[in-house]
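> no sequence on hand, only this structure:
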C-alpha cells in the first residue's frame, strides 16, 4: 500500500469490521491509496458506485468495463454455474444458484466470452 495504488473496496455486510480497521491505516499512510468504493444496493449512495453484477466475478467484470477495459483484455478462470463452489463460504445455495444464473446473463449482456466448468471438472 505504500506505492499509491488504487483500492476497490466493495461493501458487504460481512466485511464492515475490515473496513473499520483498514480505512484509518490507509489514511495514515504518507501516500494513502486512492479508493473506489462500490456497493450492490439499489439505492444511490454518495461517494460510492454500483457498477452492476450479482456475484464478485461478474461485478468485477462490470467494474473493469466501467473503467474502460476492453472485452479482449479480460479472461475468466475456473467458475461454475451449476453448483456452489468452495470459495462461496457459508451461503444459501438456492439463492446463490440464482445469482450465478444472473452472472451468466450479465456476462452475456457485456458481450464477454466465458466458459463455465462442467460438473465433473475440478475447480
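Ah, there it is. The model shown is predicted, which means the values in this text are computed figures rather than measured ones.

> which stretches of this protein have low pLDDT?
1-4, 78, 115-123 (pLDDT under 70).

> show me the domain layout of it.
1-50, 52-123 (automatic domain parsing).

> list phi and psi for the most far-flung residue of the chain relative to its centre.
Within the chain, the residue lying farthest from the chain centre (Cα atoms, centre = their mean) is residue 30, at 28.0 Å. Recorded main-chain torsions at residue 30 are phi -60, psi -40, according to degrees, to the nearest 10.

> now swap in residue 70 and tell me
According to degrees, to the nearest 10, residue 70 has phi -80, psi 160.

> distance check, it against residue 22.
31 Å (Cβ to Cβ, to the nearest Å). All C-beta spots, glycine's among them, are computed from the backbone N, C-alpha and C.

> the two: which has the busier surroundings?
The residue with more neighbours, out of residue 70 and residue 22, is residue 22; 15 against 8, by other Cβ atoms under 10 Å.

> what's the helix or strand for that one?
Per DSSP states H and E, residue 22 falls inside helix 16-27.

> can you tell me which helices and strands that helix packs against?
For helix 16-27, the packing partners by 3 or more Cβ pairs under 8 Å, 6 or more residues apart in numbering; DSSP states H and E come out as strand 6-10.
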